[in-house]
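Colleague: can you look at this prediction? I've put the sequence above it.
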There are 2 protein chains.
Amino acid sequence: MDKKKNISMAVIKRLPKYHRYLRELMENDIDRISSKELSEKIGFTASQIRQDLNNFGDFGQQGYGYNVKELYNEISAILGLTKIYKTVIIGAGNIGQAIANYTYFDKVGFSVQGMFDINPKIIGLKINDVEVLDIDFLDDFLRKDNIDIGIICVPKNSAQKVCDMLIRNKVKGIWNFAPVDLQIPEDAQIVVENVHLSESLLTLSCLMNDDIN
Amino acid sequence: MDKKKNISMAVIKRLPKYHRYLRELMENDIDRISSKELSEKIGFTASQIRQDLNNFGDFGQQGYGYNVKELYNEISAILGLTKIYKTVIIGAGNIGQAIANYTYFDKVGFSVQGMFDINPKIIGLKINDVEVLDIDFLDDFLRKDNIDIGIICVPKNSAQKVCDMLIRNKVKGIWNFAPVDLQIPEDAQIVVENVHLSESLLTLSCLMNDDIN
DNA sequence: TAGATTGTTAATCGATTAACAATC
DNA sequence: TAGATTGTTAATCGATTAACAATC
């Protein structure tokens, strides 16, 4: 079971896609699939699929392929989706609200426990049943409520300050939407995942200008 | 100048970060930097930085380093930021509104020409001075207005339909926020960049459960 | 049993890093 | 000129693909 060590980032980045396609197969009542068939759907080579999955154990069966439901459960477990994560959203503007309203996140185990903002016009609003609190309460809230994940949706100038507070309160993960690279102390036991929208848009425009094709 | 061929995706994905750090340096009135100094800021190795930049030309000077403003301009050009892109946003929910309100995009040349939605409660709203139109007008609008980029912010079930319409109307790029992999015909001259938020979140939770550390 | 498909090793390909001559 | 730092080649490292024996 604990074959799980030294998994490369390349593999980890592909796992959510496996998860999504397997869920789709389940919804279509398909209960078995070969690496070749999956390859055609998902766009990775069959060889890569088998390599990827073998990082975690022997999930398949020769001559048969993979049991969809079983594989889905295994990958869910690898992705850490067998527990509930308590999250807070800091910054309740459009992005913060978008995340709070996205039911999928709740469905896979990410529960929004609190939302925080600095803007008096936003404080007090209820977004998907969660009231937006004054950001002054964040420190207390984190200390008391054992929050797992902080979702940073504030402007870039305040992102590091929020990050520091999250680290100080032993949050385990940060999902960062601010367009900065957060500074994390060497010894902090925390994982950061960035969503840099502007970098994504610039990638698009770069590809649009690539003379290739 | 047209050394620009066969640039790997790995390099392209790093360019926006160079762009961001160089802008920051300019804002701080720093006008020259070596690959070593930049390395310390940006977190890529000095060697990699020199390799990356050399894909596009000889931007540096032995014994001196790189001129910040010059390099910034070169990278802006490579990223295709020397022109204005006409964009439309399809789906004016939280995500669509977030993008419409993000002034940075406008600043680097992405101009929102139209927003579209199917929800009568949203149609007619003005988001950052752009009126949300009924999605029935999208086809016409695309045909007439020479739109460069379609930004898909609709739910996953309608994303492919929107995508098809964008392709039919010769849009050159798609920025896709719907959690699906869009099907693009082989012969379509179009570039797609995905922002799959759910995949990003699952990556975070996977890393949080990695026994590594 | 015969056919299918995995798990896994070996080969290939590509990306990153190291090293250093060229040169400002 | 001497020192610094690039541009670029060669070495290393890692990821992907191909191949096939194992086996269901």
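Modeller: Happy to help now that I have it.
Colleague: checking my notes, A:Thr187 in a strand, right?
Modeller: One correction, residue A:187 is Asp, not Thr. No - membership of A:Asp187 in a strand is not supported by DSSP: H, G, I helix; E, B strand; the rest coil, which gives coil.
Colleague: what's the burial count for it?
Modeller: A:Asp187 sits with 5 neighbouring residues when counted by other CB atoms under 10 Å in any protein chain shown. C-beta here means a position set from N, CA and C on the backbone, and glycine is covered the same way.
Colleague: what's the domain layout of chain A?
Modeller: Following automatic domain parsing, one gets these domains for chain A: A:9-78, A:85-200.
Colleague: ok, which of those domains comes nearest B:Ile127?
Modeller: For the domains of chain A, proximity to B:Ile127 was assessed by CB to CB; domain A:85-200 is nearest, at 9.3 Å.
Colleague: how far off centre is that closest one?
Modeller: When distances are taken as CA atoms, centre = their mean, to the nearest Å, domain A:85-200 is centred 13 Å away from the chain's centroid.
Colleague: what about A:Gly114, which SS state?
Modeller: Taking three-state DSSP as the rule, one finds A:Gly114 in the strand state.
Colleague: just checking, it touches A:Val88?
Modeller: Yes - contact between A:Gly114 and A:Val88 holds when scored by CB atoms under 8 Å: they sit 4.5 Å apart.
Colleague: circling back to that earlier point, nearest to DNA strand C, out of the domains of chain A?
Modeller: domain A:9-78 (2.8 Å; CB to the nearest atom of the strand).
Colleague: and for the strand or helix carrying A:Thr87, what's in contact with it?
Modeller: Taking DSSP states H and E as the definition, A:Thr87 sits inside strand A:85-90. Here strand A:85-90 makes contact (CB atoms under 8 Å, 6 or more residues apart in numbering or on different chains) with A:96, A:99-100, A:109-117, A:135, A:138, A:141-142, A:145-154, A:162, A:173, A:175, B:205.
Colleague: out of those, which are inside helices?
Modeller: If you go by DSSP state H, those have A:96, A:99-100, A:138, A:141-142, A:145, A:162, B:205 in helices.
Colleague: most neighbours out of those, which is it?
Modeller: Ranked by neighbour count (other CB under 10 Å), the ones in helices among the contacts of strand A:85-90 have A:Ile99 at the top, with 28 neighbours.
Colleague: pLDDT below threshold where in chain A?
Modeller: Across chain A, the ranges flagged by pLDDT under 70 are A:1-5, A:211-213.
Colleague: residues of it that sit close to DNA strand C?
Modeller: A:34-36, A:46-47, A:50-51, A:53-54, A:58-66 (CB under 7 Å from any atom of the strand).
Colleague: now the strands for chain A?
Modeller: Counting by DSSP state E, the segments of chain A that form strands are A:32-33, A:60-61, A:65-67, A:85-90, A:110-117, A:126-127, A:130-134, A:149-152, A:173-176, A:191-194.
Colleague: any idea which of those strands is most buried?
Modeller: Mean neighbour counts were taken over the strands of chain A using mean count of other CB atoms under 10 Å in any protein chain shown, and the top value, a mean of 27, falls to strand A:149-152.
Colleague: which strands border that one, and is each parallel or antiparallel?
Modeller: Strands adjacent to strand A:149-152 in the sheet, as given by DSSP bridges, are strand A:85-90 (parallel), strand A:173-176 (parallel).
Colleague: got the CA coordinates for the last one in PDB?
Modeller: C-alpha atoms of strand A:173-176 as PDB (Å, rounded to 0.1, in the frame of the first residue of the first chain):
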ATOM      1  CA  GLY A 173      -2.700  23.800   2.700                       C
ATOM      2  CA  ILE A 174      -3.100  27.000   0.800                       C
ATOM      3  CA  TRP A 175      -5.000  27.400  -2.400                       C
ATOM      4  CA  ASN A 176      -3.700  30.700  -3.700                       C
END
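Colleague: neighbouring contacts of it?
Modeller: By CB under 8 Å, 6+ apart, strand A:173-176 touches A:85, A:87, A:148-152, A:159, A:163, A:166, A:182, A:190-195, B:200-201, B:204-205, B:207-208.
Colleague: please see if stretch A:56-63 touches DNA strand D.
Modeller: Yes - applying CB under 7 Å from any atom of the strand, one finds stretch A:56-63 in contact with DNA strand D at A:61-63.
Colleague: so which of the residues of chain A next to DNA strand C are in helices?
Modeller: For the residues of chain A next to DNA strand C, membership in helices holds for A:35-36, A:46-47, A:50-51, A:53-54, with DSSP H as the criterion.
Colleague: the closest residue to A:Asp134 other than its chain neighbours - how many residues pack around it?
Modeller: With CB to CB, 6 or more residues apart in numbering or on different chains as the measure, A:Ile123 is the residue that lies nearest to A:Asp134, at 5.2 Å, once sequence neighbours are left out. Other residues within reach of A:Ile123, judged by other CB under 10 Å, total 18.
Colleague: my guess is A:Ile123 contacts A:Phe137. True?
Modeller: No - counting by CB under 8 Å, A:Ile123 sits too far from A:Phe137 to count as a contact (9.7 Å).
Colleague: please enumerate the shared neighbours of these two.
Modeller: In the contact map built from CB under 8 Å, 6+ apart, no residue is linked to both A:Ile123 and A:Phe137.
Colleague: and stretch A:26-39, what's buried?
Modeller: Buried residues in stretch A:26-39, counting neighbours by 16 or more other CB atoms under 10 Å in any protein chain shown, are found at A:33-35, A:37-39.
Colleague: please apply the same query to stretch A:65-80.
Modeller: For stretch A:65-80, the neighbour count (16+ other CB under 10 Å) marks A:65-68, A:71-72, A:74-76, A:78-80 as buried.
Colleague: so which of those residues are in helices?
Modeller: Of those, the ones assigned to helices by DSSP H are A:68, A:71-72, A:74-76, A:78.
Colleague: so who does A:Asp145 touch?
Modeller: With the criterion set at CB under 8 Å, 6+ apart, A:Asp145 makes contact with A:86, A:113-114.
Colleague: what residue of chain A is the furthest out?
Modeller: Of all residues in chain A, A:Gly63 has its C-alpha farthest from the mean position, at 34.3 Å, by CA atoms, centre = their mean.
Colleague: got phi/psi on the residue of chain A found nearest DNA strand D?
Modeller: Among residues of chain A, the one nearest DNA strand D by CB to the nearest atom of the strand turns out to be A:Gly63. It sits 2.4 Å away. Main-chain torsions, A:Gly63, degrees, to the nearest 10: phi 80, psi -10.
Colleague: from chain B, how far out is A:Glu24?
Modeller: Using CB to the nearest CB, to the nearest Å, one obtains 9 Å as the distance from A:Glu24 to chain B.
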